[in-house]
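Visitor: Need the 3D shape of this:
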Amino acid sequence: MLNQEEISAFNYVPSLYWVFTQLCNDQCDHCYNNSGPSGERMSLEDCLKIVQNLPDKIDRLILSGGEPLSEKKILYEILSALQTKYGNATRIMLQTNGDLLNEKILDKLLDLGVTRIDIASIDRFHTHKENHLSRLKALFSSRKIYCDNDAETSYLLDNTKVSWAYWGSTEDLWLGGNWARGRALKTDVWTKDPNHNFCSIHSGARNFLGGHTDISQEVSIQLWKINPCCPGTKYPMGDARIQKVSKILEKVSTHPVFKALNDGQPQKMGEHLGISFEEAKRQTEALKNICLYCDQFFSKHMSNWNTETFIPLPVI
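Guide: Presented below is the predicted three-dimensional model:
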């Protein structure tokens, strides 16, 4: 149990989402981080450094990609390192398209402490559609792993049981708030809705520093880039390869821009600079997407913020 001083120093994060690779066997048009066969990767050494720089207490840690199983040797090493660091105190979750999953790999994942697997590929963008879901259902059933989509068995689920679920990009669930990022921007499938505040919902920045009770607290790491949200700000908050995540969160917690993001109100990021909410809203309307407004703001006003908060610029 961490004491109050440790918790206030951001050494406890309820949820952490880590994209440790952008390598993927597929190349979906809506992908926000340009994952694919040529996706960006990290070395095992860097991945293990990041594990050591994670907060001391995490309730759940989601490993994603890219396609995590396209880097299964590194994934297994990460899982082993997480077991050593957290034991059973952290729920380890894997987000995968399921294409490469088989009995041998599933058993290995279970042995290494994974207790939740999310299949995030049940949509029109996924290449391998034929018999995809039925094959996965049979696979999980063979190991008596309960499906969270199944109302008849969902009552059996809790944090001590192994479970799986499936979902994908639909107009309501994902594309309804698709970030103007990566391949989604290039293929023009990003959401053109200036009134949709993605920042205020789960996987957005709201509550990444804590303090709000209406939404869970989650921090995102895209490869090594520490971010307040899954889309990521134009400049990351820090480099998890060389910096403690808790220290970065503590340093940005007093910055007015990140305080506004923590409140889920990116259009208030510039109030301390004299930029009114109304002016920010007009700019968002012109850009048609809240993430593009955030990018524009960071480009104009945050190019030197790293030195302002005493965070060294990452070496790329």
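Visitor: need the contact list for the residue most central in space within the chain.
Guide: Here the mean C-alpha position of the chain is nearest to the C-alpha of Tyr17 (Cα atoms, centre = their mean), at a distance of 3.8 Å. Taking Cβ atoms under 8 Å, 6 or more residues apart in numbering as the definition of contact, the neighbours of Tyr17 are 62, 64, 203, 218-221, 230. For glycine as for every other residue, the C-beta is placed from the backbone atoms N, C-alpha and C.
Visitor: now those as a markdown table including pLDDT?
Guide: As requested, the contacts of Tyr17 are exported to a markdown table (pLDDT from 0 to 100):
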| residue | pLDDT |
| --- | --- |
| Ile62 | 97 |
| Ser64 | 97 |
| Ser203 | 89 |
| Glu218 | 97 |
| Val219 | 98 |
| Ser220 | 98 |
| Ile221 | 98 |
| Cys230 | 93 |
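Visitor: Let's see the pLDDT reported for Asn304.
Guide: Looking at Asn304, its pLDDT is 81.
Visitor: Find the helix or strand that Lys104 is a member of.
Guide: Lys104 belongs to helix 103-111 when elements are defined using DSSP states H and E.
Visitor: buried stuff in that helix?
Guide: By neighbour count with 16 or more other Cβ atoms under 10 Å, helix 103-111 contains the buried residues 105-106, 109.
Visitor: helices or strands next to the helix or strand that it is followed by in the packing?
Guide: If you walk from helix 103-111 toward the C-terminus, the next helix or strand you reach (DSSP H and E) is strand 114-119. The elements that strand 114-119 packs onto, with contact taken as 3 or more Cβ pairs under 8 Å, 6 or more residues apart in numbering; DSSP states H and E, are strand 91-96, helix 132-142, strand 163-166.
Visitor: Lowest-scoring secondary structure element of this structure by mean pLDDT?
Guide: Comparing helices and strands within the chain by mean pLDDT, DSSP states H and E singles out helix 4-8 as the least confident, with a mean of 51.
Visitor: Paired strands for the helix or strand that that helix is followed by, with orientation please.
Guide: On the C-terminal side of helix 4-8, the closest following helix or strand by DSSP H and E is strand 12-19. Based on DSSP bridges, the strands next to strand 12-19 in the sheet, each with its direction, are strand 57-64 (parallel), strand 218-222 (parallel).
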